[in-house]
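1. this is the structure alone, sequence omitted:
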């Protein structure tokens with residue numbers, strides 16, 4: 001016994017010198033973070049919790065205060081958020097990957113399927129270390145599941161700069177022994193015991209337990225409510241495509257009602273030559289917002305094939321347009337490709353798109369112009385008198401850090417309500433016959449359309465399959481990496497108080513991609529910028545496509561069948577960078593259903609092609625690039641028709657012209673942007 005006492009005394013000074021893992025769950029800056037002690041019970045929330053982060057000095061940091069207030073309305077933590085672990089001193093950053101883990105615990109909401117078993121351990125990636133605070137940050141290297149409990153596990157595989165293992169912080173051992181902390185420490189202790197089964201002898205010296213928010217629950221509730229909602233279809237004009245000489249969009253671009261005319265780039269006879277027979281206009285009723293009981297009328301139009309409809313009506317492709325586009329853009333091209341195959345195409349404006357409510361469409365015919373009301377859904381958010389192409393979709397200002405969340409959710413709700421109208425039967429021309437078959441529905445979304453389309457595909461049971469063209473895991477993450485969308489974040493960070501730009505007029509938060517070496521933060525303000533972007537991602541999480549993708553086919557939601565989804569990515573996309581698209585595919589477990597368009601190879605053969613391939617689906621408007629767009633459309637249709645998850649091979653359509661196969665299903669998803677000069 002005396003020997004043991006002397007041995008303990010001998011080791012005590014050495015142990016005291018070891019770096020400790022911080023443990024103060026009520027202080028996010030110490031953590032580990034996230035943890036459920038930063039929540040409060042809420043019996044009305046899907047998870048039973050509500051986030052309760054402490055507010056900063058709102059007078060000194062009003063933007064951060066607004067962000068945290070928005071977060072405190074959520075029912076859990078961001079499934080794709082990052083952990084933070086603070087140490088009492090410097091650590092060897094090379095050991096962080098081997099000592100930090102996410103441990104899967106139990107789901108909080110009973111669902112028919114799950115994407116991971118209790119006890120599964122997720123490795124970390126995108127590791128960052130801030131030497132100013134001795135804090136490590138890391139993401140899980142796989143998509144975590146919504147409305148589920150997880151644990152952060154820190155082991156003594158992490159060492160200090162002298163090679164000594166880090167040790168538990170004050171209070172953590174008491175927590176593991178369940179001597180403090182009540183139910184929280186009981187859960188932490190059980191998690192540590194469970195993790196120890198898979199840690200190869202490493203010892204748990206830090207951690208936390210946290211719950212991810214229920215991303216899809218509000219939309220699931222809304223969909224169930226829509227099942228009994230009133231159907232209110234109002235018939236509009238029907239135009240014979242053979243008589244159309246041209247189409248002009250009369251866009252309300254100013255709050256004072258000023259209209260600017262924009263002619264669609266379609267030559268006379270184009271629609272009829274594409275075997276589009278008629279264009280039918282109408283409106284349908286939809287909730288004014290994803291959580292509001294009031295209904296509004298939303299204008300739509302359907303492009304119908306020239307051939308007569310089969311029994312039950314035409315099969316329908318629902319088309320979601322991209323940011324800044326509208327229902328007369330990419331949907332017209334879709335119809336030009338698919339009308340000859342017998343498919344009707346239906347489209348309406350996404351939330352905040354189509355310019356102002358006084359917008360119209362002017363159709364030129366031999367008998368003269370025909371003006372048809374086409375009210376847009378744009379609003380003058382910034383009160384500058386101008387209504388831009390997408391104003392009303394993205395709300396990102398220091399006092400309103402919502403981003404595109406409500407735009408995506410609201411548009412998904414509109415599509416769910418439109419599906420209800422289709423299933424009830426729509427007679428577009430008043431002949432007493434249903435024109436659109438509500439039992440044969442497919443979705444094709446481009447860019448932003450692929451983002452809200454991801455929500456729709458996961459939640460709406462009435463759609464059989466879909467194509468997500470140049471979509472991504474998150475709008476905020478796309479803006480972080482995209483040279484085109486980045487100004488949204490630049491403006492936000494620049495207007496924040498204090499301003500967060502550290503490389504005016506840009507910023508450098510020292511972003512690190514997957515499987516890159518640990519990034520050591522050494523630029524002023526980088527840690528705070530990362531923290532701000534993390535909060536914006538968290539606010540977006542209830543509508544982030546990455547949180548819905550696991551429910552396409554691996555873990556379908558209740559009453560929703562598994563969906564076949566084709567992902568079309570463009571190599572070097574400057575709007576939705578490849579790492580963001582790849583993250584969506586990984587979350588959906590859909591490598592075999594992914595097609596990467598190799599724009600780098602196409603430009604080797606045709607250097608005149610644009611540097612940015614984001615709009616490759618619309619390349620048909622240029623004679624040189626037209627075969628690429630035609631092949632992409634052909635691939636999408638073959639996939640929808642196939643009944644399988646395999647990517648159709650359309651390279652024979654482009655190989656003779658470009659001398660290369662431009663569409664491939666990659667063995668490895670692209671993790672770098674790959675921008676072309």
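-> Done, it's in. Owing to the predicted nature of the structure, the values given are computational and were not obtained by experimental measurement.
2. quick one: the closest residue to residue 243 other than its chain neighbours from residue 345, how far?
-> Nearest residue to residue 243, sequence neighbours excluded (Cβ to Cβ, 6 or more residues apart in numbering): residue 365, at 4.5 Å. Just so you know, the C-beta spots here come from the backbone N, C-alpha and C atoms, and that holds for glycine as well. Residue 365 sits 21 Å away from residue 345, taking Cβ to Cβ, to the nearest Å as the criterion.
3. neighbour count for those two, which is higher?
-> residue 345 (26 against 14; other Cβ atoms under 10 Å).
4. count of residues packed around the nearest residue to that one once chain neighbours are set aside?
-> Take residue 345 and drop its neighbours on the chain: the residue closest to it by Cβ to Cβ, 6+ apart is residue 335, 3.9 Å away. Residue 335 sits with 28 neighbouring residues when counted by other Cβ under 10 Å.
5. residue 335 touches residue 274, doesn't it?
-> Yes - using Cβ atoms under 8 Å, residue 335 is in contact with residue 274, at 7.1 Å.
6. overlap in contacts, the two.
-> Residues touching both residue 335 and residue 274 (Cβ atoms under 8 Å, 6 or more residues apart in numbering): there are none.
7. any idea of the mean pLDDT in stretch 69-80?
-> Mean pLDDT, computed over stretch 69-80, is 98.
8. now do the buried residues in it.
-> 70-72, 74-80 (16 or more other Cβ atoms under 10 Å).
9. burial count for the closest residue to residue 621 other than its chain neighbours?
-> Leaving aside its sequence neighbours, residue 621 sits nearest to residue 265 (Cβ to Cβ, 6+ apart; 6.1 Å). Residues lying near residue 265 (other Cβ under 10 Å) number 11.
10. doesn't residue 265 belong to a strand?
-> No - checked against DSSP: H, G, I helix; E, B strand; the rest coil, residue 265 lies outside a strand; its state is coil.
11. what's the pLDDT at residue 271?
-> Residue 271 is given a pLDDT of 92.
12. how near is it to residue 348?
-> On the measure of Cβ to Cβ, residue 271 and residue 348 end up 19 Å apart.
13. what of residue 496?
-> Counting by Cβ to Cβ - residue 496 and residue 348 are separated by 35 Å.
14. the residue nearest to residue 621 contacts residue 620, doesn't it?
-> No - the pair residue 265 / residue 620 is not scored as a contact, 10.6 Å apart, by Cβ under 8 Å.
15. okay, now the unreliable bits of the chain?
-> 1-16, 288-293 (pLDDT under 70).
16. which helix or strand contains residue 236?
-> strand 234-240 (DSSP states H and E).
17. what's in contact with that strand?
-> 277-284, 297, 299, 301, 363, 365, 370, 372, 427-430.
18. given it, what are its sheet partners and their directions?
-> strand 276-287 (antiparallel) (DSSP bridges).
19. now do the strand it pairs with: distance to the chain's middle.
-> 28 Å (Cα atoms, centre = their mean, to the nearest Å).
20. just give me the neighbour total for residue 432.
-> Residue 432 has 6 nearby residues by other Cβ under 10 Å.
21. same question, residue 133
-> Residue 133: 15 neighbours (other Cβ under 10 Å).
22. what does residue 270 give?
-> 17.
23. look up which helix or strand the residue nearest to it when sequence neighbours are not counted falls in, please.
-> Of all residues not flanking residue 270 in the chain, residue 336 sits nearest, at 7.1 Å (Cβ to Cβ, 6+ apart). Secondary structure assignment for residue 336, by DSSP H and E: helix 330-338.
24. other residues contacting that helix?
-> 264, 266, 270-271, 274, 276, 303, 317, 319, 321-322, 344-347, 444, 446, 449, 617-618, 620-621, 629-630, 633-634, 637.
25. narrow these to just the buried residues.
-> 266, 270-271, 274, 276, 303, 317, 319, 321-322, 344-347, 444, 446, 449, 617-618, 620, 629-630, 633, 637.
26. mind listing the helices for the stretch 501-650 of the chain?
-> Remark: helices assigned in the stretch 501-650 of the chain by DSSP state H, counting those that start in this stretch are 526-540, 578-588, 599-605, 626-642.
27. tell me which of the ones you listed sits nearest to residue 327.
-> helix 626-642 (17.9 Å; Cβ to Cβ).
28. by contact count, what packs against that closest one?
-> helix 330-338, strand 436-446, strand 465-469, strand 564-570, strand 594-597, strand 663-664 (3 or more Cβ pairs under 8 Å, 6 or more residues apart in numbering; DSSP states H and E).
29. in JSON lines: the ones you listed, plus distance to residue 221.
-> Compiled in JSON lines, the helices and strands packed on helix 626-642 are given as follows (distance: least, Cβ to Cβ, whole Å):
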{"stretch": "helix 330-338", "distance to residue 221": "29"}
{"stretch": "strand 436-446", "distance to residue 221": "21"}
{"stretch": "strand 465-469", "distance to residue 221": "22"}
{"stretch": "strand 564-570", "distance to residue 221": "23"}
{"stretch": "strand 594-597", "distance to residue 221": "31"}
{"stretch": "strand 663-664", "distance to residue 221": "39"}
